[in-house]
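Trainee: Below are the sequence and a predicted model for it; my questions follow.
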Amino acid sequence: MDINEGYRFVQFLANQTQSGGIKPNDFNLASERAQIQLFYTERQKWQETQIITDALSPFLTKVSLIVSPFGRVNYPSDYAGTSSVRHTYFLNSSTAANPKSISVDVDEINDNAIGDVLSSQIVMPTKRYPRIAYYDNYMQVFPQNLGIIDLTYLREPAKPVWGFTIVNNNPVYDPSPSASTNWEFLDQYHNAIVMMICSYFGMNLREADVVQAAEMFKTQNL
């Protein structure tokens, strides 16, 4: 369902439970919190099952990032978790006329192990076997001269908005992209978002209640 159908469905549930009308701005606030709550709940289980992986697939993003001369890499502004980090390693047989390269993993290293690893002659990071550590506001790669890394990460969902204009003192849906933004989760997760939204307004509904109400809503709006 798009954001307008979601808004109308929540209003329908509010009427069914005699919870009163829900103002658009209150719906938008609850909608944003519900989607982000679902996102971070599922993110904790990222790649545990194919179902969870599929649920978060709309948020999987790949980007190439420049490594500073000090080996630091800034997080993307919408970063919410790493899936993988890779680096293009040029083989010794590579030449400018005939470049040969492979993509290698940049493996994570804990901060408390960095000293031992950097001083080791056996597992010291190289361009062939690079490492990465995560800090609050940047990533640190070893060796520092990697140049570019390819980060595949989970981005935060865009803020959902039921946009509207006021006509005769009533809110009227504005479907234009500049005014409204749909939920980004796949359709099969929209009932879960609706249940969270309803819970914020004191409507404690079971999944079966929502599914049954969805059929009633669909029938009445054909």
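Mentor: Arrived safely, thanks for sending.
Trainee: Okay, buried residues for the lengthiest strand in the chain please.
Mentor: Determined from DSSP state E, the single longest strand within the chain is strand 79-90. Residues 79-80, 82-83, 85-89 are the ones in strand 79-90 that count as buried (16 or more other C-beta atoms under 10 Å). Glycine gets a C-beta too; all of them are placed from N, C-alpha and C.
Trainee: Which one of those residues is nearest to residue 199?
Mentor: residue 80 (23.0 Å; C-beta to C-beta).
Trainee: Surely that closest one touches residue 43?
Mentor: Yes - judged on C-beta atoms under 8 Å, residue 80 makes contact with residue 43 at a distance of 6.5 Å.
Trainee: which residues are common contacts for the two?
Mentor: The contact sets of residue 80 and residue 43 overlap at residue 154 (C-beta atoms under 8 Å, 6 or more residues apart in numbering).
Trainee: what about the longest helix along the chain, average pLDDT?
Mentor: Ranked by residue count and defined by DSSP state H, the top helix of the chain is helix 24-43. Averaging pLDDT along helix 24-43 gives 94.
Trainee: Same check on stretch 88-106?
Mentor: Across stretch 88-106, the per-residue pLDDT values average to 84.
Trainee: Residues touching it, excluding its own?
Mentor: 84-87, 127-132, 141, 146, 148-150.
Trainee: now the lowest-mean-pLDDT helix or strand in the chain, how far from the centre of its chain.
Mentor: Ranking every helix and strand in the chain by mean pLDDT, DSSP states H and E puts helix 207-220 at the bottom, with a mean of 81. For helix 207-220, the separation from the chain centroid amounts to 28 Å (computed by C-alpha atoms, centre = their mean, to the nearest Å).
Trainee: same deal with stretch 86-106?
Mentor: Using C-alpha atoms, centre = their mean, the offset of stretch 86-106 from its chain centre is 31 Å.
Trainee: just to revisit the earlier point, going on from the longest helix of the chain, what's the next piece of helix or strand?
Mentor: helix 50-55 (DSSP states H and E).
Trainee: Flag every buried residue along that following helix.
Mentor: Applying 16+ other C-beta under 10 Å to helix 50-55 flags 52, 55 as buried.
Trainee: can you list contacts of the helix or strand following that helix?
Mentor: Downstream of helix 50-55, the next assigned helix or strand under DSSP H and E is strand 60-66. By C-beta under 8 Å, 6+ apart, the residues outside strand 60-66 that reach it are 73-74, 76, 78, 83, 147-155.
Trainee: pretty sure residue 156 is touching residue 36, no?
Mentor: Yes - Residue 156 lies in contact with residue 36 (C-beta under 8 Å); the separation is 7.2 Å.
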